[in-house]
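Asker: Here is a sequence with its predicted model. Questions after.
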Amino acid sequence: MAGKTDFGPPDYRDMLPPVILKNYAQWKYHERVKPGVLKHVAESGDELYTVRVGSGRLVSTDWIRDVCDIAEKFCDGHLRFTSRHNLEFLVSDKTKVEPLIAHLKEQGFAIGGTGHSISNPVHTQGWIHCHTAATDASGIVKAVMDDLFEYFTDWKLPAYCRISLACCLNMCGAVHCSDIAILGIHRKPPALNHDIIRAKCEIPNVIAACPTGAIRPDPKEKSLIVNEEKCMYCGNCYTMCPGMPLADPIGDGVSIWVGGKISSARTPPKFSRLVIPFLPNNPPRWPEVTDAVRNIVETWAKHARKHERMGEWIDRIGWERFFDLSGIPFTVQLIDDFTLATETFRSTPAFKWSGGER
Amino acid sequence: MAEDSKTPLLDELEEGPWPSFVKEMKRAAEKKESAKDLLGQLERSYKDKIVHWKHGGIVGVKGYGGGVIGRYSDLPEEFPDIAEFHTLRVNMPAGWFYTAEKLRKLCDVWDKHGSGLTNLHGATGDVILLGAPTKDLQSCFDDLAEIGFDLGGSGSDMRTPSCCVGPARCEFACIDTLDLLRSITSEFQDEIHRPMFPYKTKIKISGCANDCVASVARSDISVIGTWRDTIRIDEAEVANYASGDSLDIQEEVVSRCPTGGMHWDPQTKKLTINDAECNRCMHCINLMPKALRPGKEKGATILVGGKAPIVRGALLSWVIVPFMKMEPPYTEFKELVRKIWEWWDENGKMRERLGELIHRLGMRAFLKAVDLPPLPQMIRAPRANPYYFWDPEEVK
């Protein structure tokens, strides 16, 4: 039927299992049975069990057929995915829950990601499939989650911890509001290729794309000039113009941001804040990044009150205490100098001294 | 002795307890030369510590301006089977629910036309079919259409909207997130498939303030379910929580209430909520789902302006409608969306998102354009500076 357009996605109502169709909008409450397992109970008394497993997000069609086999064996052929790349098996028959879990474990699936755990990190394409990437995405996530696996499968944390990764400042993924955000960054201005700029780029649009006003025309070359002192390496110009790549093996790497949240529970949503301005790309396992993330998770887990998200804990103790307790060095890059910088400066002498632990 | 591996760095990521994307790439590589070349190029990136994809190019399918992202290798001679390796964004069913039968059909189409590698799902929510050459794009889309999968958004269009699991499996859902998503997806097919705006625009729908699809951070127009009346309390279940040992109601619930609007009497085991003080943050309901439930007069708060940093900095969405009923056919919401887009389309510069435009022209201009009254729920605090506008009509 070539030429058919604008028909939209498959109707979700054709995808729902019978227990959901019967009890749609009639769910009464839920319980967290154990890590990775939820039980929802409807007004009718019907029960729905969910078994959540992590996925690497980049999967083969063979993997999809594998999970379809499992869904057919235990869930009458129904399954769903979450907003964080987890896979969920939906079971209405309680007697099938434990056999399903046993089967998943035998097949090597990671069960968890519910309750006070680290859920599946939302992440982007990285070197696998993006032209602006300053780092890989899947590789760092794999390394970080191999290291922190116990926090996915067990409830050992004070609250949820949402880790996200974006491989450049475009941030395909809500990393700017995560408990811990891993963000790929460039540190060198664009390398200008005047032939490509002349042939392929609309000069006024590239100039307008620069948020710091660092780009101006070069009438002699019929190209562009970058004022390198004003460049903050955001990559907007490269998005507009292929003649201005920023990627560089020495310049590229990873920054770490903490304390963001999305939910409004207790406190409003907040942005993550920069705490480590640069860690090198060190594939395949990025040990500097995994160490930094583990340190932040465990410092928070040791000091926070129950239900206190990373950012709520830091708001209570103060950022100066966060740097003290985590041992992360404070550097000048952590002080904002973009448009809304002054909102982040302190205007009171009521602060805590560093070295309080010592 | 086995042949030396061509991907020694990536091989290390086959180990460890977390699911391995390298294993998946290798499974695909057994069938597809393109997946094999992708593995090879990624190994090169791991060795060189640099990206090996070129800046995109415009590719697509007939009738659409979006939905396909052009991608070209910068090492086409070494990796000829990914010289062209374009992405198809496929619009997922609401709530990411599937039947095995439907997913198997999708796998068959993708094995026929592409690399056999996918993202379930991409950051915006689409099924991402990762890698097909230009010549296969149209036939792949035709086969997708045959099994009922349409493309999602890309470029300066309405991106594929998404929603949380909602009333399909969550008692917190104050609106039918899936039905609203289905309805707006079908209403705005033209906006999704044909880039016509200054830049991308996103709508995300969450059933409550827990905001499981991150609408407040990731969408220009955020819809978040809420209620206008009082939290429903089941006193027998409150007493059950009190007599169990898993929850300290005073310490974990009442003392964490951000508005101080709750009171717990351990003697009578009575929990009281001053609903006039409640800001519906969901903390108490999250902790006591058997005993506490959202009220019955449900609807949504509409917020606008959320986005990631590009171009001028990240923004969280701002409240513009504290409460809107959300019932089919959602006419009030759809009309508001069209009014917002019209103002943005008229005034927005190239690559200026809605939040950045409001930042530049002022909330005052925005509210006037979309005909919404100013309300204290829109702000955290009134202005602290004495520079402000009057309409000459008001000064008489």
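Answerer: Here it is on my side, so go on.
Asker: now stretch A:61-80: how far from the chain's centre is it?
Answerer: 26 Å (CA atoms, centre = their mean, to the nearest Å).
Asker: Can you get me a residue count around the closest residue in space to B:Trp227 that isn't next to it in sequence?
Answerer: Of all residues not flanking B:Trp227 in the chain, B:Gly295 sits nearest, at 3.8 Å (CB to CB, 6 or more residues apart in numbering or on different chains). Any C-beta I mention is one placed from the backbone N, CA and C, and that applies to glycine too. The local packing of B:Gly295 (other CB atoms under 10 Å in any protein chain shown) involves 16 other residues.
Asker: Please apply the same query to A:Ile140.
Answerer: Using other CB under 10 Å: A:Ile140 sits among 28 other residues.
Asker: residues from the stretch 151-300 of chain B in reach of chain A?
Answerer: With CB under 8 Å from any CB of the partner chain as the criterion, the stretch 151-300 of chain B meets chain A at residues B:162, B:164-165, B:167-171, B:173, B:176, B:178, B:181-182, B:185-186, B:189-190, B:193, B:209-214, B:216-218, B:252, B:256, B:258, B:281-283, B:286-287, B:289-290, B:293.
Asker: Excluding chain neighbours, what is closest to B:Ser5?
Answerer: B:Asp11 (5.4 Å).
Asker: coming back round to it: wouldn't the residue nearest to B:Trp227 be in contact with B:Ile233 here?
Answerer: No: if you go by CB atoms under 8 Å, B:Gly295 and B:Ile233 don't touch, sitting 10.7 Å apart.
Asker: what bits of the chain have low per-residue confidence?
Answerer: With no chain named, the answer covers chain A. For chain A, the stretches flagged by pLDDT under 70 are A:1-2, A:356-358.
Asker: um, chain B though
Answerer: Within chain B, the stretches with pLDDT under 70 are B:1-4.
Asker: which stretches of it form helices?
Answerer: Assigned by DSSP state H, the helices in chain B fall at B:8-11, B:21-31, B:33-48, B:100-113, B:137-146, B:177-187, B:189-193, B:215-218, B:235-243, B:283-287, B:331-347, B:354-361, B:363-370.
Asker: And for the stretch 251-358 of chain A?
Answerer: Taking DSSP state H, counting those that start in this stretch, the helices of the stretch 251-358 of chain A run over residues A:287-303, A:310-317, A:319-326.
Asker: in the second one, what counts as buried?
Answerer: Meaning helix A:310-317. By neighbour count on 16 or more other CB atoms under 10 Å in any protein chain shown, the buried set for helix A:310-317 is A:310-314, A:317.
Asker: how about CSV for the helices of chain B, with distance to B:Lys269 added?
Answerer: What follows is those, written out as CSV (distance: least, CB to CB, whole Å):
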stretch, distance to B:Lys269
helix B:8-11, 58
helix B:21-31, 51
helix B:33-48, 59
helix B:100-113, 47
helix B:137-146, 57
helix B:177-187, 35
helix B:189-193, 52
helix B:215-218, 36
helix B:235-243, 5
helix B:283-287, 16
helix B:331-347, 42
helix B:354-361, 47
helix B:363-370, 46
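Asker: The residue of chain A most remote from its centre: which element?
Answerer: Ranked by distance from the centre of chain A (CA atoms, centre = their mean), the top residue is A:Lys220, with 44.1 Å. If you go by DSSP states H and E, A:Lys220 is not part of any helix or strand.
Asker: gap between A:Lys22 and A:Glu31?
Answerer: 20 Å (CB to CB, to the nearest Å).
Asker: The closest residue to B:Lys112 other than its chain neighbours: what's it in contact with?
Answerer: Excluding the flanking residues, the one nearest B:Lys112 by CB to CB, 6+ apart is B:Asp143, at 6.8 Å. For B:Asp143, the contacting residues are B:109, B:112-113, by CB atoms under 8 Å, 6 or more residues apart in numbering or on different chains.
Asker: And the buried ones among these, selectable in PyMOL?
Answerer: Buried subset of the contacts of B:Asp143, written as a PyMOL selection, criterion 16+ other CB under 10 Å:
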select buried, chain B and resi 109+113
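Asker: for the contacts of B:Asp143, which one is nearest A:Gly251?
Answerer: Of all the contacts of B:Asp143, A:Gly251 sits closest to B:His113, with 37.2 Å by CB to CB.
Asker: okay, now B:Leu372: neighbour count?
Answerer: Using other CB under 10 Å, the number of residues around B:Leu372 comes to 17.
Asker: B:Leu42 versus the closest residue to it other than its chain neighbours, what's the distance?
Answerer: Nearest residue to B:Leu372, sequence neighbours excluded (CB to CB, 6+ apart): B:Ile320, at 5.8 Å. Counting by CB to CB, the gap from B:Ile320 to B:Leu42 is 44 Å.
Asker: what's the distance between B:Leu292 and A:Ala301?
Answerer: The gap separating B:Leu292 from A:Ala301 is 27 Å, by CB to CB.
Asker: Of these two, give the one with the bigger neighbour count.
Answerer: Neighbour comparison, B:Leu292 and A:Ala301: the larger count goes to B:Leu292, with 23 against 17 (by other CB under 10 Å).
Asker: Tell me which residues touch that one, please.
Answerer: So B:Leu292 contacts B:231-234, B:238, B:284-285 (CB under 8 Å, 6+ apart).
Asker: Tell me the spatial nearest neighbour of it, not counting adjacent residues.
Answerer: Excluding the flanking residues, the one nearest B:Leu292 by CB to CB, 6+ apart is B:Ile285, at 4.7 Å.
Asker: what's around that neighbour, how many residues?
Answerer: As a burial measure, B:Ile285 scores 22 neighbours (other CB under 10 Å).
Asker: show me what contacts it?
Answerer: B:172, B:231, B:292-294.
Asker: among those residues, which two are most distant?
Answerer: For these, the farthest-apart pair by CB to CB is B:Phe172 and B:Ile231; their separation is 11.7 Å.
Asker: shared neighbours of the two, which are they?
Answerer: Shared contacts of B:Phe172 and B:Ile231, counting by CB under 8 Å, 6+ apart, come down to B:285, B:294.
Asker: more crowded one of these two?
Answerer: Neighbour count, other CB under 10 Å: between B:Phe172 and B:Ile231, B:Phe172 has more, with 24 against 19.
Asker: Output the contacting helices and strands for the helix or strand hosting A:Ile101.
Answerer: Here A:Ile101 sits within helix A:97-106, counting by DSSP H and E. Helices and strands touching helix A:97-106, as assessed by 3 or more CB pairs under 8 Å, 6 or more residues apart in numbering or on different chains; DSSP states H and E, comprise strand A:47-53, helix A:61-74, strand A:87-91.
Asker: okay, how far is it across stretch B:92-111, tip to tip?
Answerer: 18 Å (CA to CA, to the nearest Å).
Asker: Pull out the buried residues from it.
Answerer: The neighbour-count check on stretch B:92-111 (16+ other CB under 10 Å) flags B:92-100, B:102-107, B:109-111 as buried.
Asker: now stretch B:29-40
Answerer: Neighbour-count burial for stretch B:29-40, counted by 16+ other CB under 10 Å, picks out B:29, B:32, B:34-40.
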